[in-house]
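In: my questions concern the predicted model and sequence given below.
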Amino acid sequence: MEQTDTGLLASSLTLFELAGILKRHGLKAIIRDYWQIYTSGLDVISVDTSLAEAAWVLREETGTRIPIADAIIAATAQSLDAILVHRDQHLASIPESLLPQFRLPTE
């Protein structure tokens, strides 16, 4: 995959996870508005067969149970040689040698 212009990337699955967070907080009515705001400053990377395979390989190499959405998000960053920015304990289980990360503090 090619590096994009903005330098700010997100997997399309991140939109799915964002919708779940908004819904849990009672904000279902504004999900589409948030998607539009969220994606206006990002290059959104769609999931394809190569990312699905890379996610599986990453999970196998990690040796821990990483949810599929997290594995695909991580594989997206890995495939683009990007730093994964997150606050997810599942993603934190991926060794830095496989994927550079910046872990945000939890709320």
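Out: Received it, and whenever you're ready, just let me know what you need.
In: for Gly20, see how far away the residue of the chain positioned farthest from its centre is.
Out: The outermost residue of the chain relative to its centre, with distances by C-alpha atoms, centre = their mean, is Ala29 at 23.2 Å. Ala29 is 15 Å from Gly20, where distance means C-beta to C-beta, to the nearest Å. C-beta: built from backbone N, CA, C; applies to glycine.
In: spatially nearest residue to the residue nearest the centre of the chain, not counting backbone neighbours?
Out: By C-alpha atoms, centre = their mean, the chain has its centre lying nearest to Ile73, at 3.0 Å. Nearest residue to Ile73 in three dimensions, chain neighbours excluded: Ser11, at 4.4 Å (C-beta to C-beta, 6 or more residues apart in numbering).
In: so what's the one you found up against?
Out: The neighbours of Ser11, taking C-beta atoms under 8 Å, 6 or more residues apart in numbering as the test, are 44-45, 47, 51, 72-73, 76-77.
In: for the record, mean pLDDT for the host helix or strand of Val44?
Out: Using DSSP states H and E, Val44 sits in strand 43-45. Strand 43-45 carries an average pLDDT of 90.
In: following it, which helix or strand comes up?
Out: Strand 43-45 is succeeded, C-terminally, by helix 49-62 (DSSP H and E).
In: by contact count, what packs against whatever helix or strand comes next after that following helix?
Out: Remark: after helix 49-62, the chain's next helix or strand is helix 68-79, criterion DSSP H and E. Under the contact definition 3 or more C-beta pairs under 8 Å, 6 or more residues apart in numbering; DSSP states H and E, helix 68-79 sits against strand 9-11, helix 12-24, helix 49-62, strand 84-86, helix 89-92.
In: distance from the chain centre to helix 68-79, please.
Out: 6 Å (C-alpha atoms, centre = their mean, to the nearest Å).
In: alright, that wraps it up for me.
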